[in-house]
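Trainee: Let's see this in three dimensions:
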Amino acid sequence: MLTKRILNADRVRKITGGFSFIPHRFLADGFLASLDREEIPLYLFLILAGDRHGLSCYSYDAICTLLQLNLDEYIAARDGLIGKDLIGFDGRIFQVLALPSRPVIKPKPANDEDEDPAVVAQIIRQSLRYADQRRALP
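Mentor: Model prediction:
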């Protein structure tokens with residue numbers, strides 16, 4: 001077993017003032033792996049912003065600016081975290097919830113191509129070309 005040792009004794013963290021924590025279960029039980037790319041920074045932000053009960057009340061403008069998310073990404077991340085039972089939201093106040101017994105894993109669509117923007121764009125271009133060809137016929 002690896003024995004841990006302090007690497008820089010002058011820079012050991014100390015708990016002062018406000019304090020946030022992420023339970024080790026978040027990593028070990030697969031909660032982190034269950035999150036989408038946009039959900040991870042929002043969840044970490046809400047943990048850092050929350051009080052001792054996990055409550056915070058940042059506006060979506062402030063969150064989007066700080067996390068460099070557009071509105072659609074923010075809404076998808078927020079709704080994803082709610083759906084995964086990690087946060088509560090009443091329209092103004094967020095609450096980071098105690099972790100559920102296990103991660104909520106949303107099933108992936110059977111065919112990712114159905115949601116791939118590049119594939120959708122290709123289908124639209126093909127449809128437009130087909131429509132142009134049909135108009136060109138006598």
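
Trainee: centroid residue for the chain?
Mentor: E39 (0.3 Å; C-alpha atoms, centre = their mean).

Trainee: Assess the claim that it and I82 are in contact.
Mentor: No: when contacts are counted by C-beta atoms under 8 Å, E39 is not listed as touching I82 (10.2 Å). C-beta: built from backbone N, CA, C; applies to glycine.

Trainee: tell me the domain ranges of the protein?
Mentor: Domain segmentation of the chain under automatic domain parsing yields 23-105, 107-138.

Trainee: so which of these is the most packed in?
Mentor: domain 23-105 (a mean of 15; mean count of other C-beta atoms under 10 Å).

Trainee: Could you tell me the end-to-end distance of it?
Mentor: By C-alpha to C-alpha, to the nearest Å, the extent of domain 23-105 from end to end equals 19 Å.

Trainee: Quick check: mean pLDDT of it?
Mentor: Averaging pLDDT along domain 23-105 gives 95.

Trainee: Could you check how far that domain is from the centre of its chain?
Mentor: Averaging C-alpha positions (C-alpha atoms, centre = their mean, to the nearest Å) puts domain 23-105 6 Å from its chain's average.

Trainee: for stretch 5-13, same thing?
Mentor: The chain centre lies 32 Å from the centre of stretch 5-13; the measure is C-alpha atoms, centre = their mean.

Trainee: What residues of it count as buried?
Mentor: Residues of stretch 5-13 include none that count as buried (16 or more other C-beta atoms under 10 Å).

Trainee: Kindly export that stretch (C-alpha atoms) in CSV.
Mentor: Once non-C-alpha atoms are left out, stretch 5-13 reads as follows in CSV (Å, rounded to 0.1, in the frame of the first residue of the first chain):
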residue,chain,number,x,y,z
ARG,A,5,3.5,12.1,2.8
ILE,A,6,3.2,15.8,2.7
LEU,A,7,4.9,17.1,-0.4
ASN,A,8,5.1,20.8,0.6
ALA,A,9,4.9,21.4,4.3
ASP,A,10,4.7,25.2,3.8
ARG,A,11,1.5,24.9,1.7
VAL,A,12,-0.7,22.4,3.7
ARG,A,13,-4.3,23.4,3.3
